[in-house]
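Engineer: Only the shape, not the letters, is given here:
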């Protein structure tokens, strides 16, 4: 929490995340217009000559594990192992739990890949929606290839845009990390979804989506298959959630038709952030069921889109209670209207 | 996870937090010296004439709730309500849970105070250790005054140093937020400590401290009553934990003698970060038992000191699995040796 807000605050609200039970604070600043949240310094793109991803062969990236070629012999998308992986590829043998005094650790074994689209200058908000559908197709293809590997229990697919979001290479790219442990954040959502289902006999995400559609005030965009809304208990200013309207636990089962619709929705979400808030740094990522051999019929996969406009300060880091300064309703209204 | 690390990586390790059970990754960069992690741009202090905290009366801060005066009629420390609180003071009546469709929310009621030390130029690493003890005394005093207030169930005391850590006013100051909900991060530690106690019949923090002292490689500083070490499962580069050596669940019961020892240890921890890493932005905060009317005999209060040298990118935000790039052992060795 920063302490130099110039304007008076509206009454703050504590809001509970319906899935995880966690709380966050809406501490909106009275009189601050949504466009005043715009990123102040626009991204400066490097020149393309030095770009490591414009010509992966020249920059000696590892061999592609997937490439989509175009009719004219160029490529539109390629996937290769990250040169400096946080999780190293297994060399055979099971991962062993090891001890040091009272502690446990294990080798960080897994797969860490980079998914690169062709055009240095076209981030997802500038691409054709169909190119975003192709990106989702590549995510699915890599997911399916890795999900049954030994020592892979969760696959995280994410995208860093801009330096404060962790992207040190400006060329648009996503990453995939297939890892032996289930994400604690996804575990909290799985557990919450399970408890909610037992109590209510329906999916918690379906309940939220139904309410958001009925109510409308937090909807940013929708098409036949997908909806984009600012979550009631957003953890960052202008956060959005992109979810299938129908109950779908597993991202990897997305159909071609759904990829087109999800690609349009993801493009629309990021285009609006980019156009209206001066191309802010952001992360987005898929939350889907683990691939650990269990079934998760009560989960509902989705994409979370998190602009990097907030500073996580002492209170947030200490407690895990995030504070946002624009209400999700105001954020959605601003992003909805073109 | 950024993807342009110039050097090869050592083998990565997944390490488990012994208290919460969560995992993090040590993905150390081979050949990178600890001093290369230094903050690149040193803090530029504003001029003191315009400082809102050098002369709180002039800048029309709210009335002090605590002031420590000096023999010469000046003050050494003062505490006043935050002008722009994230949690508003209660106006009477209990906090009511309210509903919107499937969601729950409530008014964010509580206390949000600022604790200011006198000297604009002296952060905690530059103060006299006894002045840090006085700061801890003020934390305790305010804690005790607020802990039994209606609607207060947790009190978070934290410090933001530098803009990327959320401090928009450079004058050294801490903050206190007394809130109606228990911090989820502290809840995870409480639950973990309880489970560990049931299984092992002793405190998990005591077990870690005993191992760290026996082993020595992650110790940064210790005196008779307190120890500072880099946690085995650190979630940020150069993170430190400052804990009482004896089992103590409740910060607010700290004795005068312990305040002197803890003040010295906190000063030493921050002085070392500041001297060796070019005064990095950082947060520190107290994790202590909630004041919700329950007893927490198995908890062990401590201070976490978290430099802001890492960017939380898509993987960390998506999964909650943090990646650090210097091992806690190397970080501790670097900070230990003056």
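Structural biologist: Structure received. Bear in mind the structure is a predicted one, so any value in this text is a computation, not a measurement. Residues are numbered from 1 along each chain as shown, chains lettered A, B, ... in the order given.

Engineer: where does chain A have low pLDDT?
Structural biologist: Residues of chain A that meet the criterion pLDDT under 70 lie in A:1-10, A:30-31, A:42-47, A:93-94.

Engineer: residue ranges for the helices of it, please.
Structural biologist: Counting by DSSP state H, chain A has helices at residues A:129-146, A:184-200, A:204-215, A:256-276, A:314-319, A:328-336.

Engineer: Distance from the fourth one to the middle of the chain?
Structural biologist: Same thing as helix A:256-276. Helix A:256-276 sits 13 Å away from the centroid of its parent chain (CA atoms, centre = their mean, to the nearest Å).

Engineer: Next up, the contacts around the closest residue to residue A:235 other than its chain neighbours.
Structural biologist: Nearest residue to residue A:235, sequence neighbours excluded (CB to CB, 6 or more residues apart in numbering or on different chains): residue A:322, at 4.2 Å. In this view, the C-beta of every residue, glycine as well, is placed from N, C-alpha and C. Applying CB atoms under 8 Å, 6 or more residues apart in numbering or on different chains to residue A:322 gives the contacts A:24, A:25, A:235, A:236, A:310, A:312, A:316.

Engineer: Could you check how far the closest residue to the first one other than its chain neighbours is from residue A:14?
Structural biologist: Distances taken as CB to CB, 6+ apart place residue A:322 nearest to residue A:24, at 4.7 Å, with adjacent residues excluded. According to CB to CB, to the nearest Å, residue A:322 stands 11 Å off from residue A:14.

Engineer: got any residues that touch both of these two?
Structural biologist: A:24, A:25.

Engineer: So which residue of chain A lies furthest out from the middle?
Structural biologist: Distance to the chain centre peaks in chain A at residue A:101, reaching 36.7 Å (criterion: CA atoms, centre = their mean).

Engineer: just checking, that one touches residue B:216?
Structural biologist: No: using CB atoms under 8 Å, residue A:101 is not in contact with residue B:216, being 11.6 Å away.

Engineer: Surely residue A:245 is in contact with residue A:212?
Structural biologist: No: counting by CB under 8 Å, residue A:245 sits too far from residue A:212 to count as a contact (10.4 Å).

Engineer: who's more crowded, the two?
Structural biologist: Just comparing residue A:245 and residue A:212: by other CB atoms under 10 Å in any protein chain shown the higher neighbour count belongs to residue A:212, 25 against 16.

Engineer: so what's that one up against?
Structural biologist: When contacts are counted by CB under 8 Å, 6+ apart, residue A:212 touches A:218, A:219, A:227, A:229.

Engineer: What of residue A:160?
Structural biologist: A:166, A:167, A:175, A:283, B:2, B:313, B:314.

Engineer: center of chain A, which residue is that?
Structural biologist: Of all residues in chain A, the one closest to the mean position by CA atoms, centre = their mean is residue A:285, 1.8 Å from it.

Engineer: so that residue sits right up against residue A:158, yeah?
Structural biologist: Yes: with contact defined as CB under 8 Å, residue A:285 counts as touching residue A:158 (3.8 Å).

Engineer: what touches both of the two?
Structural biologist: B:314, B:315, B:317, B:318.

Engineer: returning to that earlier point: shared neighbours of residue A:245 and residue A:212, anything?
Structural biologist: Contact criterion CB under 8 Å, 6+ apart; residues shared by residue A:245 and residue A:212: residue A:227.

Engineer: Number of residues surrounding residue A:36?
Structural biologist: Residue A:36 has 10 neighbours, counted by other CB under 10 Å.

Engineer: Pull out the buried positions in stretch A:284-296.
Structural biologist: A:284, A:285, A:286, A:287, A:288, A:289, A:290, A:291, A:296 (16 or more other CB atoms under 10 Å in any protein chain shown).

Engineer: With stretch A:106-117 instead?
Structural biologist: Across stretch A:106-117, burial judged by 16+ other CB under 10 Å covers A:106, A:107, A:108, A:109, A:110, A:111, A:112, A:113, A:114, A:115, A:116, A:117.

Engineer: what's the nearest residue to residue A:328 if we skip its chain neighbours?
Structural biologist: Distances taken as CB to CB, 6+ apart put residue A:230 closest to residue A:328, at 3.8 Å, once the chain neighbours are dropped.

Engineer: Contacts only, for that neighbour.
Structural biologist: Residue A:230 makes contact with A:218, A:220, A:238, A:239, A:240, A:241, A:328, A:329, A:331, A:332, A:335, according to CB under 8 Å, 6+ apart.

Engineer: With residue A:180 instead?
Structural biologist: A:95, A:106, A:109, A:110, A:151, A:152, A:153, B:14.

Engineer: Distance check, the residue nearest to residue A:328 against residue A:48.
Structural biologist: Applying CB to CB, the value for residue A:230 to residue A:48 is 35 Å.

Engineer: same check, this time on residue A:239
Structural biologist: 31 Å.

Engineer: which one of these two has more residues nearby?
Structural biologist: Shown here are residue A:239 and residue A:48; by other CB under 10 Å, residue A:239 has more neighbours (22 against 14).

Engineer: which residues does the residue nearest to that one when sequence neighbours are not counted bridge with?
Structural biologist: Of all residues not flanking residue A:239 in the chain, residue A:306 sits nearest, at 5.4 Å (CB to CB, 6+ apart). When bridges are called by DSSP bridges, residue A:306 pairs up with residue A:283.

Engineer: and the residue of the stretch 151-300 of chain A found nearest chain B, how many neighbours?
Structural biologist: Closest to chain B within the stretch 151-300 of chain A is residue A:166: 2.4 Å, counting by CB to the nearest CB. Applying other CB under 10 Å, we find 26 residues neighbouring residue A:166.

Engineer: Then residue A:270?
Structural biologist: With other CB under 10 Å as criterion, residue A:270 counts 27.

Engineer: So the nearest residue to it once chain neighbours are set aside versus residue A:160, what's the distance?
Structural biologist: Nearest residue to residue A:270 in three dimensions, chain neighbours excluded: residue A:125, at 3.9 Å (CB to CB, 6+ apart). Counting by CB to CB, the separation of residue A:125 from residue A:160 is 15 Å.

Engineer: Same check on residue A:242?
Structural biologist: Counting by CB to CB - residue A:242 and residue A:160 are separated by 17 Å.

Engineer: Over to residue A:166?
Structural biologist: From residue A:166 to residue A:160 the distance is 4 Å (CB to CB).

Engineer: do residue A:199 as well
Structural biologist: Separation of residue A:199 from residue A:160 (CB to CB): 37 Å.

Engineer: which residues touch residue A:336?
Structural biologist: A:219, A:220, A:221.

Engineer: before we move on, the earlier item: from the buried residues of stretch A:106-117, which are also near chain B?
Structural biologist: Applying CB under 8 Å from any CB of the partner chain to those, one finds that A:106, A:107, A:108, A:112, A:114 fall near chain B.

Engineer: Identify the bridge partners of the fourth one.
Structural biologist: The bridge-partner assignment for residue A:112, based on DSSP bridges, gives residue A:177.

Engineer: Could you verify my assumption that it touches residue A:157?
Structural biologist: No: at 11.5 Å, residue A:112 does not count as touching residue A:157 under the criterion of CB under 8 Å.

Engineer: Common neighbours of these two, please.
Structural biologist: Residues touching both residue A:112 and residue A:157 (CB under 8 Å, 6+ apart) are A:175, A:176.

Engineer: which non-adjacent residue is nearest residue A:284?
Structural biologist: residue A:305 (4.4 Å).

Engineer: Kindly report the same for residue A:51.
Structural biologist: In space, and not counting its chain neighbours, residue A:51 is closest to residue A:171: 5.1 Å by CB to CB, 6+ apart.

Engineer: so how many other residues sit close to the one you found?
Structural biologist: Neighbours around residue A:171, by other CB under 10 Å: 21.

Engineer: now swap in residue A:92 and tell me
Structural biologist: Residue A:92: 5 surrounding residues under other CB under 10 Å.

Engineer: how close does it sit to chain B?
Structural biologist: Taking CB to the nearest CB, to the nearest Å as the measure, residue A:92 and chain B are separated by 15 Å.
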